[in-house]
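Student: quick one, structure for this:
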Amino acid sequence: MDITSGTRADDAERQQVADLLARHLGAGRIDLTEYDQRVARVWACATREDLQLVLSDLPNLAAERPAVSVRRGARIPIWQRIEGAAWLGVSVLSLVIWGLICLGMGRLTYPWPMWVIGPWGVALAFRALTGWESRGCHKRGLAR
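Tutor: This next block holds a predicted model:
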């Protein structure tokens, strides 16, 4: 039985080191072969000290600033993007159908697509601008 000195590492710490190696791979500091070898060493490490040895010749990423800063609040939730795409698709389809009817009749007819596009668009805009739906998610810590 191998008894090592030092503090034992857990899977979460190993995963953090593997993620750091992936960032180094993305930055071009190591190649894919070396990345594979180092990740294999990471999952074989028993102690935190062994994990640090895997990263010893690489710069500390905690000191580096990310190249692009992303504002979390400006991101549109996925369900609003899906609903917006559906609204846009139905709006275009309604306008095409109305346009073809007008072309077939040879004159402009009643603009019925406004009753499809308008209320639905207003409801989507209201929900997006006020954040009405996402309030419950933020209170419970479920929004990302």
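
Student: where do the helices sit along the protein?
Tutor: Residue ranges of the helices in the chain, as given by DSSP state H, are 11-27, 32-44, 48-54, 78-105, 113-130, 135-140.

Student: nearest to N60, of those?
Tutor: helix 11-27 (9.3 Å; CB to CB). (Glycine included, C-beta is placed from N, CA and C.)

Student: any chance of the helices of the chain in JSON lines with mean neighbour count, distance to S5 and mean pLDDT as columns?
Tutor: Shown next, in JSON lines, are the helices of the chain (neighbours: other CB atoms under 10 Å; distance: least, CB to CB, whole Å; pLDDT from 0 to 100):
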{"stretch": "helix 11-27", "mean neighbour count": "15", "distance to S5": "17", "mean pLDDT": "90"}
{"stretch": "helix 32-44", "mean neighbour count": "13", "distance to S5": "17", "mean pLDDT": "91"}
{"stretch": "helix 48-54", "mean neighbour count": "16", "distance to S5": "8", "mean pLDDT": "88"}
{"stretch": "helix 78-105", "mean neighbour count": "13", "distance to S5": "48", "mean pLDDT": "94"}
{"stretch": "helix 113-130", "mean neighbour count": "13", "distance to S5": "57", "mean pLDDT": "91"}
{"stretch": "helix 135-140", "mean neighbour count": "10", "distance to S5": "44", "mean pLDDT": "55"}
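
Student: how about the ones you listed in JSON lines, adding distance to N60?
Tutor: Shown next, in JSON lines, are these (distance: least, CB to CB, whole Å):
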{"stretch": "helix 11-27", "distance to N60": "9"}
{"stretch": "helix 32-44", "distance to N60": "16"}
{"stretch": "helix 48-54", "distance to N60": "11"}
{"stretch": "helix 78-105", "distance to N60": "34"}
{"stretch": "helix 113-130", "distance to N60": "40"}
{"stretch": "helix 135-140", "distance to N60": "33"}
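
Student: I'd like to know which of the ones you listed is closest to L61.
Tutor: That would be helix 11-27 among the helices of the chain, by CB to CB, at 5.8 Å.

Student: keeping just the C-alphas, turn stretch 42-56 into CSV.
Tutor: The C-alpha trace of stretch 42-56 is given here as CSV (Å, rounded to 0.1, in the frame of the first residue of the first chain):
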residue,chain,number,x,y,z
VAL,A,42,-3.7,14.8,-13.2
TRP,A,43,-6.2,12.0,-12.8
ALA,A,44,-3.3,9.7,-11.4
CYS,A,45,-2.3,12.3,-8.8
ALA,A,46,-3.0,11.5,-5.2
THR,A,47,-2.0,14.8,-3.5
ARG,A,48,-2.4,18.5,-4.1
GLU,A,49,1.4,18.8,-4.3
ASP,A,50,1.4,16.3,-7.2
LEU,A,51,-1.3,18.4,-9.0
GLN,A,52,0.8,21.5,-8.6
LEU,A,53,3.8,19.7,-10.2
VAL,A,54,1.7,19.1,-13.4
LEU,A,55,1.2,22.9,-13.7
SER,A,56,4.7,24.0,-12.4
